[in-house]
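Peer 1: next comes the sequence, and after it the predicted model I'd like to discuss.
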Amino acid sequence: MKAIVLKGFGGVEVLHPAEIAVPEIGADEVLVQTRSISINPVDIKTRSGKALSQRLKDFDPIILGWDIAGIVSAVGSNVTEFSKGDEVFGMVNFPGHGKAYAEYVAAPASHLALKPKNIGFQQAAVSTLAALTAWEGLVDHLKIKKGDRLLVHAAAGGVGHFVVQLAKHLGAYVIGTASAKNKSFVLGLGADEFVDYTLGPLEQSIGSIDKVFDNMGGENIDASFKVMKPGASILSIPSGKNDGVEEKAAAAGFSGYKMLVSSNGQNQAKIGSLLEAGYIRPHISNRYSLEQMAEAHLQIETGRTVGKLAIDI
């Protein structure tokens with residue numbers, strides 16, 4: 001089968017096409033013939049030698065990627081929830097060795113859900129890591145509720161555009177930040193207000209924030225404190241840029257959190273139900289082939305990707 005493997009860590013030149021054996025599956029796994037996959041900033045960080053690189057460095061070959069959508073071609077002896085021919089999607093083996101940059105992926109059945117029939121494989125593939133991060137962040141950490149004033153940093157990005165839609169579905173009043181060119185996009189997702197982050201300090205535009213979903217980290221954490229109510233909460237996502245958010249928030253009278261999403265088929269099924277009902281819709285800004293993986297990585301590296309990228313297999 002075709003795959004993209006890593007030859008060391010570094011720039012996009014370490015991404016190499018290869019022909020490798022179709023993976024064997026265990027008793028609790030299914031073999032998925034991938035139709036589409038997606039990539040995320042963690043792919044780029046890991047490829048460059050950061051993020052999950054230390055977890056993966058001893059594997060041979062190293063195959064990046066965690067977001068898949070495809071068709072079940074074989075099931076393990078213990079698997080009862082899926083059958084050959086089922087269309088499935090999910091974030092596989094995260095944080096671990098997902099091996100999604102390939103034509104076939106061996107996936108734990110517990111990491112997958114049935115793909116909604118009303119969406120395509122591309123839409124399903126991009127509604128995995130980013131959508132699960134949005135769900136876990138809003139529901140499990142920020143515990144968003146109806147009427148909360150939620151500030152979403154980088155609201156036009158992969159995670160951010162799901163956060164806006166999910167938060168509105170859950171009844172929050174949503175304020176999204178992005179650059180001016182993405183104003184219509186963010187408001188079109190359902191945001192109640194838009195803030196151009198380039199125009200000046202946040203406190204000049206907004207205030208009285210109950211919850212913050214921070215997709216940028218760094219100075220945005222401190223900037224958020226200036227518009228949060230006493231006792232408010234902030235969740236900061238970017239690893240390496242959210243260090244100390246708990247301590248900083250506590251010192252300022254707030255609750256601070258960081259998180260690393262993990263594979264969860266039950267939560268993926270919840271995302272599937274929301275997709276099927278039309279409460280959330282993924283935005284795919286670019287599509288690539290497996291052979292164009294380097295181009296896709298370079299696009300993510302710009303930090304300007306609107307929504308998600310899909311890779312057709």
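Peer 2: Looks like it came in fine.
Peer 1: tabulate the CA atom coordinates of stretch 208-216 in CSV.
Peer 2: Once non-C-alpha atoms are left out, stretch 208-216 reads as follows in CSV (Å, rounded to 0.1, in the frame of the first residue of the first chain):
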residue,chain,number,x,y,z
SER,A,208,-17.4,40.7,31.0
ILE,A,209,-16.2,37.3,29.6
ASP,A,210,-17.2,34.1,31.5
LYS,A,211,-15.1,31.6,29.6
VAL,A,212,-12.2,31.8,27.2
PHE,A,213,-11.2,29.1,24.6
ASP,A,214,-7.7,30.0,23.6
ASN,A,215,-6.2,28.5,20.5
MET,A,216,-3.1,30.7,20.3
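Peer 1: what sits up against that stretch?
Peer 2: By Cβ atoms under 8 Å, 6 or more residues apart in numbering, the residues outside stretch 208-216 that reach it are 134, 137-138, 142, 144, 148-154, 157, 159-160, 163, 167, 172, 175, 220-221, 224, 227-229, 232-238, 241-242, 245. Every C-beta, even on glycine, is put in place using the N, C-alpha and C of the backbone.
Peer 1: element containing the residue positioned nearest the centre of the chain, please.
Peer 2: With the centre of the chain defined as its mean C-alpha position, the nearest residue by Cα atoms, centre = their mean is residue 130, 1.8 Å away. For residue 130, the enclosing helix or strand under DSSP states H and E is helix 129-135.
Peer 1: give me the helices and strands touching whatever helix or strand comes next after that helix, please.
Peer 2: In the C-terminal direction, the helix or strand that comes right after helix 129-135 (DSSP H and E) is strand 149-152. Taking 3 or more Cβ pairs under 8 Å, 6 or more residues apart in numbering; DSSP states H and E as contact, the helices and strands that strand 149-152 lies on are helix 158-169, strand 173-178, strand 209-214.
Peer 1: so which of those gets nearest residue 250?
Peer 2: Distances from residue 250 to each of the helices and strands packed on strand 149-152 were compared by Cβ to Cβ, and the smallest falls on strand 209-214, at 14.7 Å.
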